[in-house]
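Novice: Build me a structure from this.
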Amino acid sequence: MSANLPGIRFMTGVISPITISTILGHNGSGAYPMMLSSDYRQIVKEAKKRKLTILAKSSTYNEKVGNYKTWNPFSWRCIRIIKDPSLGLVNAYGLTNKGVKYHAKKIAKARQLGVKVIPNFYPEFSKGTEIAIKETLDAISIYRLELGDEFWALEISYSCPNDRSNACLSSPVKITENMEQAIRCTKEIRAHDRKLVLIIKISYEHPIEFIQELELIGVDAAHSINSIRWEIVFPNIPSPLKKYGGGGVSGGPAFLFAFDYNEKLRKAVKLPLIMGCGVMSPFAAQAYADIGADSVSICSVIRINPSNALEIIRYL
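Specialist: So this is what the prediction gives:
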């Protein structure tokens, strides 16, 4: 038995039936300190060999330092394995990156080496809507300059559970504000560049109507979903990352939440959907395929159980 996933084909490029999201770093070639693991390096090689689509870790316009600092091993504890009730991760990474100019150059080199990486940009709406939109459009120009014809698609993240200014960590009023800002930003991107394949990464806390609105604007695909806030998955259990804000849960404990959301979303939109969150085995991948995923994304399984990740990749 194997999943019948079509992948997603556009005039300018292809998104493979299985995608790897964020865990291979900002340029898709692997991230430190995980590259110290031979099992992780094997995943990196397998992804390149099979020409898998890699969705990069988010870049912001300027350099940003979150909770995680590569040079500080003590900060690595903001990413932890959950052992009960099922294997997963809780992370409070916090958007640590060196900025779009730096990462665009690295992505360009990776693409030249055959890594099928699509950049991801995070608009910082906490700076104000106008500034966030301007930075997003400037980022697109930077990617275009550095990648040339290799820049055919961009993933925009409107969801980051570990950005404390993000609406998805706050009240319904703030979530509504986030959606209004995201819709404005999407309209501006689409007016600025009508040929660019636009993938929107969304949150568990975004209502289905939000994605329907994005579909009407003309986005090309949705990536559903990001990790889910700890207090949603474990409402009565204190997070081990409480001092970082609680963090976002991915892997096994988040699967049923993500599956329910994705099943509803598939019935509501015609957009191609990259479904993810909680894919820890071929059975979970098959479950997403059965409800109409065009592609399935994996992430946490690569960190927790690389052999399972390889099994999923080969299964699809």
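Novice: Show me how far stretch 76-84 is from its chain's centre.
Specialist: 19 Å (C-alpha atoms, centre = their mean, to the nearest Å).
Novice: I'd like the average pLDDT over that stretch.
Specialist: Averaged over stretch 76-84, pLDDT sits at 88.
Novice: Show the end-to-end separation of that stretch, please.
Specialist: The first and last residues of stretch 76-84 sit 20 Å apart, counting by C-alpha to C-alpha, to the nearest Å.
Novice: repeat for stretch 90-98
Specialist: Stretch 90-98 has an end-to-end distance of 23 Å (C-alpha to C-alpha).
Novice: and what of stretch 186-205?
Specialist: First-to-last distance for stretch 186-205 - C-alpha to C-alpha - comes to 18 Å.
Novice: same thing with stretch 31-51?
Specialist: 18 Å.
Novice: Average pLDDT for it, rounded please.
Specialist: 93.
Novice: ok, what's across the strand from the spatially most central residue of the chain?
Specialist: Residue closest to the average C-alpha location in the chain (C-alpha atoms, centre = their mean): residue 21, at 5.2 Å. On the basis of DSSP bridges, residue 21 is bridged to residue 55.
Novice: got a list of what it touches?
Specialist: 54-55, 223, 276, 297-299 (C-beta atoms under 8 Å, 6 or more residues apart in numbering). For every residue, glycine as well, the C-beta is placed using N, CA and C.
Novice: same thing but 6 Å
Specialist: 55, 297, 299 (C-beta atoms under 6 Å, 6 or more residues apart in numbering).
Novice: Ranking helices and strands of the protein by mean pLDDT, which lands last?
Specialist: helix 172-192 (a mean of 90; mean pLDDT, DSSP states H and E).
Novice: Can you tell me which helices and strands the next helix-or-strand element following it packs against?
Specialist: Proceeding N to C from helix 172-192, the next assigned helix or strand is strand 197-202, under DSSP states H and E. Other helices and strands packing on strand 197-202, by 3 or more C-beta pairs under 6 Å, 6 or more residues apart in numbering; DSSP states H and E, are strand 153-157, strand 221-224.
Novice: What's the local residue count around the closest residue to residue 146 other than its chain neighbours?
Specialist: Closest residue in space to residue 146, ignoring its immediate chain neighbours: residue 104 at 4.1 Å, by C-beta to C-beta, 6 or more residues apart in numbering. Per other C-beta atoms under 10 Å, the neighbour tally for residue 104 reads 23.
Novice: isn't residue 104 right next to residue 142, touching?
Specialist: Yes. With contacts defined as C-beta atoms under 6 Å, residue 104 counts as touching residue 142 at a distance of 5.1 Å.
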